[in-house]
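Enquirer: build me a structure from this.
(one chain, ligands or ions: 2)
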Amino acid sequence: MNSAAQALYEEMQVSLGKLVPDFELYYKAEIAIEINRLKKERNAVVLGHNYMEPVLFHTIPDFRGDSLDLSRKAATTDKDIIIFCGVKFMAETAKILSPHKTVLMPAERAGCSLAESITAADVRALKRKYPGVPVVTYVNTYADVKAESDICCTSGNAVAVVESLNCDTVIFLPDQYLAANVAQQTGKHIIFPSIGGATPDNTLLDVQMIGWHGRCEVHDKFTVEDIRSIRAQFPDVVVVTHPECSPEVVAASDYSGSTNAMIKFVQESKAPHYLVLTECSMGDNIAAANPSKDLLRLCMVHCPHMNMITMENVRDSLLYTKTVIDVPEEIRVRAFSAVDRMIKIG
Ligand code: 13P
Ligand code: SF4
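Expert: Ligands and ions are numbered 1, 2, ... in the order given. Have a look, this model is predicted:
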């Protein structure tokens, strides 16, 4: 091992030694040094979502954060190449915002159950059914769906985006739980129409949010029963959830917010025990940053897509310029206005 890798390994022993076995730190230190060298050579920037595994998360991204944060970074970088350590809809958003950069995704098949739940044709059908009603689309969608939308949102700004529209009715796609959580916070009602079927009885007069039956396959698995049984075992536990969880799970928790907001909440709270209901690796990353706090995690639930990103495939994406993410220009310009409107909301 060269001296740079040795120094990184020793640094990681301090920050991650209680979470990651020593031989893994040793093995990954060399890969991290190689990636950081390739980044300089290729004038690349690495963006890493909060769900990345702890060693990758702590050693190679130039910027870490939630979807909103990373899309802002993607819009302003001056590097030639953006490597997105996240899933396909995130890399596509980077390409929408930075069309002249090369955007690379280390694991080409890293998708998302929410993004898969809706197509551009579905959105067009909803627009025909509810003409003139603005379409708010969660960023966890592919570019062609964004292109059919008026404005995007993330979990970090969904309430602000819906409120910014200042109108009685919005179409909110595709996460049924996020829609329900936003409806609760904004005091709106919500319906889920069946495309091609009969229009529900409670028509536009009564309806303020029109949703879609998409779910995150990870957050869908957490239940109120999980929270009850953990509270029974650890009575002083503070439960933190992502708004992609069901409204019942959110209501049973002490705090709900985007991945950045969850991290900040734990950092700023004084309680000794936390249960973080989201992708398990983020619990590791919070634990590493807060060594005096106990982090309980339900690690039987992992995001299979986020978990496809590894140190090895990040290195290979830099070495072999793969996998290049492209968005057809006609779709990109329309998707850009929806994403840009969201970013401007702040
Ligand atoms: P954030 O925008 O909160 O980081 O969420 C992204 C995501 O995919 C959550 O499952
Ligand atoms: Fe999609 Fe859920 Fe995975 Fe996030 S955690 S990428 S919403 S499947």
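Enquirer: strands along the stretch 1-150 of the chain, start to end?
Expert: Shown for the stretch 1-150 of the chain, the strands assigned by DSSP state E, counting those that start in this stretch span residues 44-49, 63-65, 81-85, 102-104, 135-138.
Enquirer: ok, the stretch 151-300 of the chain next?
Expert: Going by DSSP E, counting those that start in this stretch, the stretch 151-300 of the chain shows strands at 151-153, 170-173, 190-191, 209-210, 238-241, 255-256, 273-277, 294-296.
Enquirer: any idea of the angle whatever helix or strand comes next after the last one forms with strand 44-49?
Expert: This means strand 294-296. Once the chain leaves strand 294-296, the next helix or strand it forms, by DSSP states H and E, is helix 311-320. With axes from the mean of the first three to the mean of the last three Cα atoms, to 10 degrees applied, the angle from helix 311-320 to strand 44-49 works out at 150 degrees.
Enquirer: which one of the strands of the stretch 151-300 of the chain lies closest to residue 325?
Expert: strand 151-153 (17.2 Å; Cβ to Cβ). (Glycine included, C-beta is placed from N, CA and C.)
Enquirer: report the mean per-residue pLDDT for the closest one.
Expert: The average pLDDT within strand 151-153 is 97.
Enquirer: elements contacting that strand?
Expert: strand 135-138, helix 158-164, helix 329-345 (3 or more Cβ pairs under 8 Å, 6 or more residues apart in numbering; DSSP states H and E).
Enquirer: again, only this time at 10 Å
Expert: In this structure, strand 151-153 packs against helix 67-76, strand 135-138, helix 158-164, helix 329-345, with contacts taken as 3 or more Cβ pairs under 10 Å, 6 or more residues apart in numbering; DSSP states H and E.
Enquirer: redo the ones you listed as JSON lines? Include distance to ligand 1, mean neighbour count and mean pLDDT.
Expert: Output for these, formatted as JSON lines (distance: least, Cβ to the nearest ligand atom, whole Å; neighbours: other Cβ atoms under 10 Å; pLDDT from 0 to 100):
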{"stretch": "helix 67-76", "distance to ligand 1": "3", "mean neighbour count": "20", "mean pLDDT": "86"}
{"stretch": "strand 135-138", "distance to ligand 1": "9", "mean neighbour count": "26", "mean pLDDT": "97"}
{"stretch": "helix 158-164", "distance to ligand 1": "10", "mean neighbour count": "19", "mean pLDDT": "95"}
{"stretch": "helix 329-345", "distance to ligand 1": "12", "mean neighbour count": "17", "mean pLDDT": "96"}
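Enquirer: distance to residue 42 for those - can I get that in JSON lines?
Expert: Listed next are these as JSON lines, based on distance: least, Cβ to Cβ, whole Å:
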{"stretch": "helix 67-76", "distance to residue 42": "17"}
{"stretch": "strand 135-138", "distance to residue 42": "32"}
{"stretch": "helix 158-164", "distance to residue 42": "35"}
{"stretch": "helix 329-345", "distance to residue 42": "23"}
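Enquirer: and these: which comes nearest residue 35?
Expert: helix 67-76 (17.8 Å).
Enquirer: contacting residues around the residue in the stretch 151-300 of the chain positioned nearest to ligand 2?
Expert: Of all residues in the stretch 151-300 of the chain, the one sitting closest to ligand 2 is residue 216 (3.3 Å; Cβ to the nearest ligand atom). Residues near residue 216 by Cβ atoms under 10 Å, 6 or more residues apart in numbering: 112-114, 117, 138, 140, 175-178, 242-245, 278-279, 303.
Enquirer: swap in residue 157?
Expert: Residues near residue 157 by Cβ under 10 Å, 6+ apart: 67-68, 139, 163-164, 258, 342-343, 345-346.
Enquirer: okay, now the unreliable bits of the protein?
Expert: Within the chain, the set of residues satisfying pLDDT under 70 comprises 195-206.
Enquirer: cutoff 90 now
Expert: For the chain, residues meeting the criterion pLDDT under 90 lie at 1, 67-69, 71-72, 74-75, 166-168, 187-207, 297-301, 345-346.
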